[in-house]
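predicted model, plus sequence, below.
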Amino acid sequence: MYRGGEPSLVGEVTPANLGRAIASLPAGVYVATDARAVEHPAVAPAESAGLGAVKDGAFAERDGVIVIRSGDRFEPAHLPSSVAGRVRGMLAVRDAVRLVFQTQLDDAPEEYITEARKLLGNTYDSFVARYGPVSSRENVKAFAGDPDQPLLLSLEAYDPVTRTATKTPIFERRTLERCRPVEHVETAAEALAVSLNETGEIHWPRMSSFPGATRDNCSANWAAWSTATPRAAPGRPPTGT
């Protein structure tokens, strides 16, 4: 039944003999089926609040470890310590840029916008002093694959010959303005353009909210425009109320 040299069962198999054989096994080699420990993944699912702030494929730091978001999880990046330091520095710069943008889009008081811009400048300067420009080969390689890398690269104008960089206007002045609805137009044609831009369609209530832009003259402008550019305005205009 067995080939030469292979283990084989010898003697009578009784509960007592089986019990002694199991007792002689190394500790922990056998675990009863109902006593097996539940296997947990190496990386727990990310909390929804923390997950939402990190784009898929982006670096983040959780409990002192550099991780990468992969779907609904954070996976360890397994970076050498020298590279991890660069990534941590660029994460700080990224957070500072986002704060600058947020204060501008929220129309925060000017002192808040200025303070956020100052924080960005200090964070960027600290990183460059230690690791060089964000656009240097080493830093580009370290942060490769992160969807916010183009954002960081846009912070500087890099000269690959001299390996130096100059800051872009975001460090000096406001670069974003919150979108504000148009409040005044001169003609019905302009009211039509605003409606198409804001809603993607002819929205009569929006157009008639402008003084002098009645439904009749807006409709006349639509007819003239659609006749002149039939490909851009197929079919008839919507008939909203």
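Great, that's in hand. Quick caveat, the model's predicted, so the values are computed rather than measured.

lowest-pLDDT helix or strand in the chain?
helix 48-52 (a mean of 54; mean pLDDT, DSSP states H and E).

which SSE is residue 158 in?
In this assignment (DSSP states H and E), residue 158 forms part of strand 156-159.

what pairs with that strand, parallel or antiparallel?
strand 164-167 (antiparallel) (DSSP bridges).

buried stuff in the partner strand?
Using 16 or more other Cβ atoms under 10 Å as the test for burial, strand 164-167 gives residue 165. (Each C-beta comes from the backbone N, C-alpha and C, glycine too.)

tell me which element the closest residue to residue 203 other than its chain neighbours falls in.
In this structure, residue 203 finds its nearest non-sequential neighbour in residue 195, 4.7 Å apart by Cβ to Cβ, 6 or more residues apart in numbering. Using DSSP H and E, the element containing residue 195 is helix 188-199.

and that helix, what does it pack onto?
With contacts taken as 3 or more Cβ pairs under 8 Å, 6 or more residues apart in numbering; DSSP states H and E, helix 188-199 sits against helix 204-208, helix 215-228.

buried residues in that helix?
For helix 188-199, by 16+ other Cβ under 10 Å, it's 188-196.

flag every buried residue along the longest helix along the chain.
For the chain, the helix with the greatest residue count under DSSP state H is helix 81-105. The neighbour-count check on helix 81-105 (16+ other Cβ under 10 Å) flags 83-84, 86-87, 89-94, 96-97, 99-101, 103-104 as buried.

ok, now stretch 197-208?
Of the residues in stretch 197-208, 202-204, 206-208 count as buried by neighbour count, 16+ other Cβ under 10 Å.

again, but for stretch 138-158
Residues 139, 142-143, 146, 148-149, 152-153, 155-156, 158 are the ones in stretch 138-158 that count as buried (16+ other Cβ under 10 Å).

between the two ends of that stretch, what distance do you get?
End-to-end distance of stretch 138-158: 14 Å, with Cα to Cα, to the nearest Å as the criterion.

show residues contacting it.
Here stretch 138-158 makes contact (Cβ atoms under 8 Å, 6 or more residues apart in numbering) with 55-59, 68, 79, 83, 86-87, 90, 93-94, 97, 124, 131-136, 164-168, 170-171.

same check on stretch 91-108?
59-61, 112-113, 116-117, 119-120, 123-124, 127, 134, 148, 151-152, 155, 170, 174-178.

dump the C-alpha coordinates for that stretch into CSV.
Output of stretch 91-108 as CSV, limited to C-alpha atoms (Å, rounded to 0.1, in the frame of the first residue of the first chain):
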residue,chain,number,x,y,z
LEU,A,91,1.3,65.1,1.9
ALA,A,92,1.7,68.2,4.1
VAL,A,93,2.1,70.4,1.1
ARG,A,94,-1.0,68.9,-0.5
ASP,A,95,-3.1,69.5,2.6
ALA,A,96,-1.8,73.1,2.7
VAL,A,97,-2.8,73.6,-1.0
ARG,A,98,-6.3,72.2,-0.3
LEU,A,99,-6.7,74.6,2.6
VAL,A,100,-5.8,77.6,0.4
PHE,A,101,-8.3,76.5,-2.2
GLN,A,102,-11.0,75.9,0.4
THR,A,103,-10.7,79.3,2.0
GLN,A,104,-10.9,80.9,-1.4
LEU,A,105,-13.9,78.9,-2.6
ASP,A,106,-15.7,79.5,0.7
ASP,A,107,-15.1,83.3,0.5
ALA,A,108,-13.5,83.2,3.9
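
can you tell me what sits against stretch 58-71?
By Cβ under 8 Å, 6+ apart, the list of residues contacting stretch 58-71 from outside reads 43, 46, 50-51, 54-57, 74-77, 79, 84, 87-88, 90-91, 143, 145-148.
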